[in-house]
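Novice: build the 3D model from these lines:
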Amino acid sequence: MRQVRGLVSVIGIALLLAGPMVGLAQDDGPRISQQIINATTVLNGDQRQQITTYVTDWADMLESGNVEQVSRGRAKLIEPFNFAGATDIFLTAYSAAVTMKLKPLIDHDDALVRVNGMLVLKHVSERGVVDLVRTGLEDDNPGVRYLAAQAAGA
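Specialist: Sure, this is the predicted structure:
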């Protein structure tokens with residue numbers, strides 16, 4: 001049963017990735033302030049909390065299993081890795097927060113969630129990602145294994 005769901009999910013994912021991003025024009029979710037993105041000193045507790053809130057809200061969307069929400073959650077989790085002026089301080093803190101939220105998603109029952117988690121994982125620059133990539137390489141879904149291999153090579 002899981003293999004059939006996995007195949008259906010892989011087909012859905014291929015269609016989702018080939019088509020336009022649904023709902024991405026909306027920007028009604030959490031944000032990260034420019035001050036945090038451009039931080040040149042260690043982030044304080046409130047700044048780290050803002051990152052955690054952002055990651056949690058968008059990861060919850062990714063975990064929903066709803067194709068539109070998964071697509072939007074994935075895009076929003078990837079977006080900060082490409083922010084103009086993002087400092088290493090921000091990217092390190094953001095990567096750590098994303099890694100923590102992706103851990104349970106890499107073992108999710110829905111292949112759609114696992115594949116999209118791997119798509120986000122490809123952008124993470126954090127040592128904790130190694131265990132998640134290893135889990136993805138052992139997945140029974142070929143799409144998840146393929147993306148994990150890409151993440152391992154990134």
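Novice: residues of stretch 91-109 that come out buried?
Specialist: For stretch 91-109, the neighbour count (16 or more other CB atoms under 10 Å) marks 91, 93-99, 101-102, 105-106, 108 as buried. (C-beta placed from N, C-alpha, C; glycine too.)
Novice: redo the residues you listed as CSV? Include distance to Arg31, pLDDT and secondary structure.
Specialist: Below are those laid out as CSV (distance: CB to CB, whole Å; pLDDT from 0 to 100; DSSP: H, G, I helix; E, B strand; the rest coil):
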residue, distance to Arg31, pLDDT, secondary structure
Leu91, 17, 92, helix
Ala93, 15, 93, helix
Tyr94, 13, 95, helix
Ser95, 18, 92, helix
Ala96, 19, 91, helix
Ala97, 14, 95, helix
Val98, 16, 95, helix
Thr99, 21, 91, helix
Lys101, 17, 93, helix
Leu102, 20, 90, helix
Leu105, 22, 90, helix
Ile106, 26, 85, coil
His108, 26, 91, coil
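Novice: skipping adjacent residues, who's closest to the residue positioned nearest the centre of the chain in space?
Specialist: Centroid-nearest residue in the chain, with CA atoms, centre = their mean: Val120, separated by 3.2 Å. Of all residues not flanking Val120 in the chain, Leu77 sits nearest, at 4.6 Å (CB to CB, 6 or more residues apart in numbering).
Novice: what's the answer for Gln150, then?
Specialist: Nearest to Gln150 is Lys122, by CB to CB, 6+ apart, at 5.8 Å.
Novice: cool, thanks, talk later.
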